[in-house]
Structure formats: C-alpha cells, structure tokens
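Asker: Sequence unavailable; structure follows:
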C-alpha cells in the first residue's frame with residue numbers, strides 16, 4: 001500500500017526525501033498509472049475491513065482528479081468481484097445552493113462515476129445536501145460531523161487540491177481545527193469551475209465543505225494532483241511553510257499523508273526543476289541546457305557572460321568539472337540554442353541540415369497539423385502554418401473536434417435567426433430557435449440540431465481562416481472525434497473509434513511531419529484526450545506502416561503555457577507582418593473572440609495573450625544572448 005512509512009511503496013521510483021520537502025509525495029509517469037495504484041490501495045483496505053467484519057469508511061472527493069480512481073474501482077467491482085457492501089462514504093463538499101438532480105452537483109457526479117456502478121448500500125452514501133435551508137444549515141453541518149464520528153471516523157480520505165491550495169472547499173483563511181460548514185468560494189476556484197458551468201456567472205458563490213480538522217482526523221490521506229496547472233500550488237504546499245493562506249499545508253502535520261502526482265504537477269519542485277541544488281547530478285545535454293538557461297535567467301545575464309564563480313556559487317561545480325570552464329560550456333549551450341532557430345519549419349531545401357531542427361529532404365513535405373479545437377492551429381502556430389504553406393509544402397489541417405460546446409447559445413441563436421430570414425418555413429430552424437429560447441440553465445443537454453449548428457459555425461470560421469492562408473479546402477479535415485460529441489462539457493472516454501479516425505487521416509496523407517497540441521493546461525481537458533488519441537494511433541502505425549519511419553512529430557503549446565527555453569527544439573521566428581497575419585487568421589474565429597466560454601483565469605482575448613506569449617518567447621531568447629526577434633513560435637519534438 002502507499003503509506004507514509006518506511007515500508008515498500010507500490011510506486012515507480014522511491015520518494016526522494018530532501019531538505020525542501022515536508023510532505024511524503026510520489027511522482028508517476030501518468031495519472032492513469034497512479035490512479036490505478038490508489039484504487040488498489042482503497043480496494044485492499046475494503047477487503048481488509050471485510051475480513052475483520054468491519055465497515056470501511058471512505059472520505060471521497062470530486063473533480064477531475066479522482067475520476068480514473070473511480071473508474072478502476074468500478075472495473076474491479078465488475079471484473080474482480082470487489083464488494084462495497086461494507087463501505088460507508090462521506091463526500092467532502094457540495095455547492096450551495098445546489099439541487100441533487102443538477103448535472104453540476106457533486107451528488108450527480110458521484111452517482112455517475114461510482115455509486116451507480118457498484119453495490120454500495122444507498123443508506124451508506126453521505127453527500128452534503130445543497131438544498132438545506134439556511135435556517136437549518138448550522139445544525140445540518142454539526143450532524144454531518146457527528147455522523148462521521150459515530151462510525152469511527154474516516155479510515156481513508158481521498159483529496160484533490162485547488163489552485164488556491166484548498167482541500168475540499170477549505171479556501172485560504174480556513175482554520176486548522178475547522179469543521180463542516182458553509183464557506184464562500186474564492187474567485188480563482190470559481191474561475192476554475194467556470195467551464196463546467198458554461199461561464200463564471202453560473203458558478204455558485206458558496207459551498208458546504210468538511211473542515212480542515214475533519215480531514216486531518218482521517219487515518220490515511222491520499223491527495224491527487226495532475227497537470228501543469230497544479231505545479232505551483234504543489235510546490236507551495238510541499239515545500240512552503242504551514243499557513244492558512246495555503247490550507248493544504250496543514251497536511252504537513254499529518255503522519256500518514258501521501259501526495260500522488262504526475263510529472264507535470266511535480267515540475268516546480270526543487271528536486272525536479274533544479275536538481276543540482278539538491279544532489280549530485282548525471283549531467284546529460286538536456287540537463288546542462290536546463291541548468292545554464294536557469295542560471296542565465298536567475299542572474300539576468302546572457303549565457304556567454306556567465307562565469308566560473310557563478311556556476312560554483314549556484315550548485316553547478318560538478319558541471320564545470322565535466323566541461324572544463326564556463327567559457328567552453330557557455331559556447332556549447334549557446335550554439336545548441338542557436339541551432340533551434342529556423343525560418344524553415346519544413347526544413348530548408350538543399351541545405352546542410354546537420355545543425356538545423358528539421359531535415360532538408362524531401363524538399364516538399366506532406367504535413368498534418370492536428371488542432372484539438374477549430375482554432376488551436378492559428379492560435380498556437382499560425383505563423384508556422386502560414387510559412388509552411390508559403391514555402392510550398394503540402395499542408396493538411398485536421399480539426400479533431402467540432403468545438404460545438406464552446407459556441408454560446410446567443411451566438412447560435414444569431415445564426416439561426418439569420419437562417420430563418422432566408423427560410424422562414426424551415427421546421428428545423430424554428431425548432432432550434434425555440435429550443436435555445438426556452439433553454440433553462442446550463443445543465444440542459446443541447447438538442448442534436450443545436451449541436452450541429454454550433455459545429456457548423458466553428459467549421460465555417462475555420463475554413464475562412466485556412467482560406468486566408470491560401471490552403472485548399474480539400475486539405476481541411478473535420479474529424480469530429482466521437483469522444484467529444486456528448487452534448488455536455490463532460491466528454492466520453494477515448495475509444496478505438498477515436499484512434500481509428502486518427503489513423504485514417506494519417507494514412508490518407510502519409511505525412512513527413514505532424515504537428516499536434518502538447519499543451520495539457522487547457523481548462524476543459526480536450527487537448528489531453530486529443531493528444532492521447534494521436535499517441536495511440538502512432539504506436540499502432542509505427543509497426544503497421546513503413547512510411548511512419550520518416551515521420552517527425554512536433555508538439556506546439558496553446559494559449560495557456562509555452563515550452564521552457566531548455567525544452568524548445570524548434571523556434572520559428574515571426575516578423576511584425578507575420579504577427580499581423582496570424583492575428584487576422586485568429587479574428588476569423590468570431591464566435592471565440594469576445595466572451596469566450598473557456599477563458600481560464602486570463603481575461604485577455606486569445607489573440608492578445610498568444611501575441612504576448614510569442615513576444616515573451618522571443619524576449620527569452622534575446623535575454624539568453626540570441627538574436628532579437630518580434631515573436632517566436634516554439635515546438636518540441638516527440639519521439640515514438
């Protein structure tokens with residue numbers, strides 16, 4: 001079992017106890033692998049309690065983090081006979097007010113993901129009631145606490161963590177000994193919930209939550225955190241001082257807590273980000289570049305001006321021992337960065353490509369740009385897209401999803417009413433208008449024709465943008481991957497059908513280059529599923545298709561995060577004129593330009609934030625001592 005003891009861990013790699021870290025934590029290669037092991041620990045505990053003829057009392061969390069844990073528990077129930085008859089559950093929290101039937105309620109969430117699929121007794125399920133009257137709420141919270149105590153307390157508490165450091169809905173300022181109560185949600189918490197509610201204005205401002213004291217009384221605590229969005233708060237929680245400003249830091253005082261995290265969530269930990277400050281390192285070229293760019297940024301000096309003393313003073317004496325002098329190391333790393341810069345993303349024809357990121361041959365490449373949503377192509381790599389077409393490559397765009405859920409009802413109604421002007425007798429158009437006007441709340445699943453209309457809006461905008469870049473319509477592919485087409489924010493699981501669609505378009509083009517979204521920080525998770533679909537297709541096709549041996553895959557990032565300087569393997573500069581062309585292409589996506597649903601916590605429009613990001617990438621290169629460009633789009637190669 002995953003225990004905060006000296007026993008063996010069921011993990012990939014042991015916990016590295018450093019002077020910086022104050023909570024036991026284990027990093028996994030993937031959230032799926034980690035989730036399965038956590039589910040196994042829960043299952044083992046349930047079975048152990050069954051042998052003792054005792055109840056197993058579980059504290060459960062909601063949100064995206066525990067979903068795979070619940071899926072694995074359901075699988076074990078169905079395929080291995082895991083029984084939940086002795087299980088009593090207490091959920092951490094619920095929005096207030098919130099009706100149980102609302103698809104955004106945690107009551108709905110828990111039944112959809114777990115309770116409806118296992119043999120737990122209904123009377124053993126405890127979820128805070130979002131319909132309790134204000135007058136009865138104080139006593140209700142006391143009774144919830146007493147009910148937990150009456151069954152002997154929580155044997156196991158599963159947690160997620162919010163970007164404010166909240167566990168449950170214990171927002172900053174929560175007291176160490178707090179119990180179950182109503183709380184006002186932090187703005188950042190509401191922003192993070194906004195995609196599920198189709199806008200922050202629909203997110204409740206209050207919630208009922210178990211308290212910090214209640215959580216800390218659990219005999220065993222496992223906290224899950226996935227993705228780059230959580231890396232800063234994970235560092236603050238594991239390495240920071242105990243503070244009410246970051247409620248999760250109170251877990252430092254619990255003697256049986258484990259944080260289970262993936263590589264992205266662990267990326268800001270000192271032992272990961274700057275391992276030379278923690279231990280002796282094996283200095284491969286990637287780590288050398290990471291260290292040198294870090295030191296350059298830390299000191300605000302170009303790489304070529306770094307000195308022996310500065311390396312020694314910052315934990316890198318071992319690196320200098322290998323390289324000889326700062327002068328030799330600086331030139332080596334400077335050249336490595338310089339060789340990532342190219343104005344020829346498809347390779348420069350008939351040129352020496354030994355120090356270029358892409359091959360010179362074939363001079364005219366077949367290229368697929370995979371775009372999770374119908375605008376990620378121009379937002380994330382519009383300048384590179386434009387240049388690939390201008391330089392004569394056979395470029396194909398493959399939009400993986402329809403993007404229909406990101407079109408507001410108001411936008412769809414506008415198009416439907418325009419259509420009615422030309423065809424007032426259309427029953428279908430009238431039904432769409434009637435549906436949208438009568439739609440109550442954001443928990444209603446769109447009718448199929450409404451979804452088709454919203455998808456058509458995104459499709460027409462995409463074609464307008466690709467035509468602006470002079471791409472033939474026949475080179476634009478709308479894949480409509482099945483996992484996305486649920487009519488709700490919640491997507492389906494990746495399936496063989498999704499992978500087969502990906503394989504089909506790849507096989508039709510037989511590409512030399514593939515570009516795909518490697519940005520997993522989007523607030524609705526679509527990028528992650530789309531990337532998984534590509535990776536699954538590549539794994540199958542590399543053994544099935546000989547031409548895949550000549551295919552290189554480049555990952556771009558979206559409007560949320562950029563690759564760090566040391567990660568970039570191809571940097572494509574843009575002139576001021578090219579920046580404007582990219583902006584114009586983004587403007588064709590009018591339904592996403594103003595008041596976009598999935599803004600995240602950045603209020604800037606996508607074209608503004610991406611221009612700032614491209615400008616910042618160029619500035620980072622310049623600060624390292626390289627040429628000053630107006631903007632740069634960055635890519636990292638994926639090897640399969």
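Answerer: That came through, no problem. Predicted, not measured: the structure shown is a model, and the values here were computed from it.
Asker: In the stretch 1-150 of the chain, what residue spans correspond to strands?
Answerer: For the stretch 1-150 of the chain, the strands defined by DSSP state E, counting those that start in this stretch cover 25-28, 56-60, 87-91, 93-96, 125-126.
Asker: same thing with the stretch 501-640 of the chain?
Answerer: For the stretch 501-640 of the chain, strands defined by DSSP E, counting those that start in this stretch occupy the ranges 513-517, 552-556, 570-574, 631-638.
Asker: rewinding a little: who wins for proximity to residue 501 among the strands of the stretch 1-150 of the chain?
Answerer: Across those, residue 501 has its closest neighbour in strand 25-28 (28.9 Å, Cβ to Cβ). C-beta coordinates here come from the backbone N, C-alpha and C atoms, glycine included.
Asker: any low-confidence regions in the chain?
Answerer: For the chain, the stretches flagged by pLDDT under 70 are 1-17, 441-443, 487-490, 520-524, 558-560, 594-603.
Asker: just to revisit the earlier point, switch the strands of the stretch 501-640 of the chain over to CSV; also include distance to residue 457.
Answerer: Below are the strands of the stretch 501-640 of the chain laid out as CSV (distance: least, Cβ to Cβ, whole Å):
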stretch, distance to residue 457
strand 513-517, 21
strand 552-556, 24
strand 570-574, 28
strand 631-638, 27
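Asker: Now do the helices in the stretch 51-200 of the chain.
Answerer: For the stretch 51-200 of the chain, the helices defined by DSSP state H, counting those that start in this stretch cover 67-80, 106-113, 134-150, 187-193.
Asker: Ignore what I typed, I meant the stretch 201-350 of the chain.
Answerer: So, for the stretch 201-350 of the chain - with DSSP H, counting those that start in this stretch - the helices run 212-216, 231-239, 270-273, 285-299, 308-313, 317-323, 326-338.
Asker: Now do the longest one: which elements does it pack against?
Answerer: Spelled out, that is helix 285-299. helix 308-313, helix 317-323, helix 326-338, helix 606-623 (3 or more Cβ pairs under 8 Å, 6 or more residues apart in numbering; DSSP states H and E).
Asker: Mean neighbour count, the ones you listed: which tops it?
Answerer: Each of those was scored by mean neighbour count; the highest is helix 606-623, a mean of 19, by mean count of other Cβ atoms under 10 Å.
Asker: any idea whether the residue in the chain sticking out farthest from the centre is helix, strand or coil?
Answerer: Distance from the C-alpha centroid of the chain peaks at residue 425, with 44.7 Å (Cα atoms, centre = their mean). Classification of residue 425 by DSSP: H, G, I helix; E, B strand; the rest coil places it in coil.
Asker: ok, now which ones touch the closest residue to residue 311 other than its chain neighbours?
Answerer: In space, and not counting its chain neighbours, residue 311 is closest to residue 320: 5.1 Å by Cβ to Cβ, 6 or more residues apart in numbering. Residue 320 makes contact with 308, 311, 312, 326, 329, according to Cβ atoms under 8 Å, 6 or more residues apart in numbering.
Asker: Which one of the helices of the stretch 201-350 of the chain lies nearest to residue 495?
Answerer: Nearest of these (Cβ to Cβ): helix 231-239, 29.8 Å.
Asker: ok, which stretches of the stretch 401-550 of the chain are helices?
Answerer: 409-422, 427-438, 448-468, 496-509, 526-544.
Asker: before we move on, the earlier item: would you turn the strands of the stretch 1-150 of the chain into TSV with mean neighbour count and distance to residue 456?
Answerer: Formatted as TSV, these follow (neighbours: other Cβ atoms under 10 Å; distance: least, Cβ to Cβ, whole Å):
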stretch	mean neighbour count	distance to residue 456
strand 25-28	22	41
strand 56-60	24	41
strand 87-91	23	40
strand 93-96	24	34
strand 125-126	18	42
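Asker: quick one: which of those is nearest residue 537?
Answerer: Proximity to residue 537 (Cβ to Cβ) singles out strand 25-28 among the strands of the stretch 1-150 of the chain, at 23.6 Å.
Asker: follow-up on the earlier one: tell me which of the strands of the stretch 501-640 of the chain sits nearest to residue 528.
Answerer: Comparing these against residue 528 with Cβ to Cβ, the closest turns out to be strand 513-517 (9.3 Å).
Asker: strand partners of the closest one, parallel vs antiparallel please.
Answerer: Applying DSSP bridges to the sheet, strand 513-517 is found paired with strand 366-371 (parallel), strand 552-556 (parallel).
Asker: just how off-centre is it within its chain?
Answerer: Distance of strand 513-517 from its chain centroid, counting by Cα atoms, centre = their mean, to the nearest Å, is 18 Å.
Asker: just stretch 53-73 next, same as before
Answerer: With Cα atoms, centre = their mean as the basis, stretch 53-73 stands 21 Å off its chain's centre.
Asker: gap between the two ends of it?
Answerer: 20 Å (Cα to Cα, to the nearest Å).
Asker: Fine, thanks again, bye for now.
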